[in-house]
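Chemist: Here's a sequence, model it:
(2 chains)
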Protein chains: 2
Amino acid sequence: MRLAEYTDYTLRVLMSCAAQPDGLITIAELAERHGVSKNHLMKIVNDLARQGVLQTTRGRGGGLCLAKPATDIRVGDVVRNSETDFRLAECFDARTNACTLTPSCRLKGVLQGALDAYFKALDGVTLAELVAPPPPRSGGRRSVPIVAAVPVRRPAAKRG
Amino acid sequence: MRLAEYTDYTLRVLMSCAAQPDGLITIAELAERHGVSKNHLMKIVNDLARQGVLQTTRGRGGGLCLAKPATDIRVGDVVRNSETDFRLAECFDARTNACTLTPSCRLKGVLQGALDAYFKALDGVTLAELVAPPPPRSGGRRSVPIVAAVPVRRPAAKRG
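Modeler: Numbers count the residues shown, from 1 in each chain, chains lettered A, B, ... in the order given. Okay, here's the model as predicted:
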């Protein structure tokens, strides 16, 4: 019952972009910040660009930014599109299923219902809400907005 | 986003036992039925016995049966006790977490909320409901109760 590391980094890429809505981030910056290889991030960024979630600008002064407002990106959709393995039990894969209980078993429907509840919860949250600074707690630690740690690069006026 | 194979077989062991409430099943029978090694099942059975869900009887005429009514066993508890890895993102493991977004990030709470919704759905279903024959569909295939496929062995009057 775990998410793929791929999904973890997919969410971090999007959150980093959402935290600086007026600037571009490079893959090199993301790689350094999250301690992950540029190749690994390249695949994630390409997938997100293909899904229409990220916009990439090549060349000097280029980088990544969200292709649509963070308020329009649901966390549920991000996880749904990133995860490839939803095999909760053998019977979820009809090609390899050999379980003798299948004909009258209700497990598959029950697990599917729980998975639906999982995604319904995530669909209720947007990327914008993930990076919004939490409300200040009286007497507690001061909240640090994510954007504070990020060097902002303004998009170049002309792009190659 | 998948459950461990261990959980899949744990559920099958319990469902097989629930489907024949008046008889015992041996590990050898379960191994043959589900095409899995006896050693693998032995570990599952020992864990379930330690949790107080299964009762095992050794010796000739022995076998497995539920230690309590199937109506008292929640699917959510079975999955919760069987799964060992709930690492939905790096920040779920404080020992290894190095994510720079953590101080103001809301992802962990959001993913935890979705996981809670997942288990809430499973907690609403008992083992008894998993193996109950579905209501007959008019014009559809006749439902086959799981118990029909199972050779029943009555518990011996005296056990060694």
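Chemist: contacts, neighbours, all on C-alpha from now
Modeler: Noted.
Chemist: what is the orientation angle of the helix ranked longest in chain A with helix B:107-123?
Modeler: Ordering each helix of chain A by length in residues (DSSP state H) puts helix A:107-123 first. Put simply, helix A:107-123 runs at 150 degrees to helix B:107-123, going by axes from the mean of the first three to the mean of the last three Cα atoms, to 10 degrees.
Chemist: can you give me the helices for chain A?
Modeler: With DSSP H as the criterion, chain A has helices at A:5-18, A:27-34, A:38-50, A:75-82, A:107-123, A:127-131.
Chemist: could these be laid out in JSON lines, adding mean neighbour count and distance to B:E129?
Modeler: Below are the helices of chain A laid out as JSON lines (neighbours: other Cα atoms under 10 Å in any protein chain shown; distance: least, Cα to Cα, whole Å):
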{"stretch": "helix A:5-18", "mean neighbour count": "21", "distance to B:E129": "34"}
{"stretch": "helix A:27-34", "mean neighbour count": "16", "distance to B:E129": "45"}
{"stretch": "helix A:38-50", "mean neighbour count": "16", "distance to B:E129": "41"}
{"stretch": "helix A:75-82", "mean neighbour count": "19", "distance to B:E129": "29"}
{"stretch": "helix A:107-123", "mean neighbour count": "19", "distance to B:E129": "9"}
{"stretch": "helix A:127-131", "mean neighbour count": "22", "distance to B:E129": "38"}
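Chemist: From the recorded domain assignment, give the ranges for chain A.
Modeler: With domains defined by automatic domain parsing, chain A comprises A:1-73+A:126-133+A:141-160, A:86-125.
Chemist: and of those domains, who's closest to B:D116?
Modeler: Checking the domains of chain A against B:D116 by Cα to Cα gives domain A:86-125 as the closest, at 7.9 Å.
Chemist: Next one: A:K120 from B:E5, what distance?
Modeler: 25 Å (Cα to Cα, to the nearest Å).
Chemist: hmm, I was thinking of A:G52
Modeler: To B:E5, A:G52 is 35 Å away according to Cα to Cα.
Chemist: one step back: mind putting the domains of chain A into JSON lines with mean pLDDT and distance to B:H34?
Modeler: Formatted as JSON lines, the domains of chain A follow (pLDDT from 0 to 100; distance: least, Cα to Cα, whole Å):
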{"stretch": "domain A:1-73+A:126-133+A:141-160", "mean pLDDT": "82", "distance to B:H34": "22"}
{"stretch": "domain A:86-125", "mean pLDDT": "82", "distance to B:H34": "6"}
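Chemist: Of all the ones you listed, which one is nearest B:M15?
Modeler: domain A:86-125 (8.5 Å).
Chemist: is stretch A:118-132 up against chain B anywhere?
Modeler: Yes: shown here: stretch A:118-132 in contact with chain B (Cα under 8 Å from any Cα of the partner chain) through A:118-122, A:125, A:129-131.
Chemist: Mind picking the one among those that's closest to B:I73?
Modeler: Among the residues of stretch A:118-132 next to chain B, and counting by Cα to Cα, the member closest to B:I73 is A:Y118, at 21.7 Å.
Chemist: quick one, what contacts the closest one?
Modeler: A:Y118 makes contact with B:114-118, according to Cα atoms under 8 Å, 6 or more residues apart in numbering or on different chains.
Chemist: Could you rerun that using 6 Å?
Modeler: A:Y118 sits next to B:114, B:117-118 when contact means Cα atoms under 6 Å, 6 or more residues apart in numbering or on different chains.
Chemist: Ok, A:L107 next?
Modeler: By Cα under 6 Å, 6+ apart, the contact set of A:L107 is B:L130.
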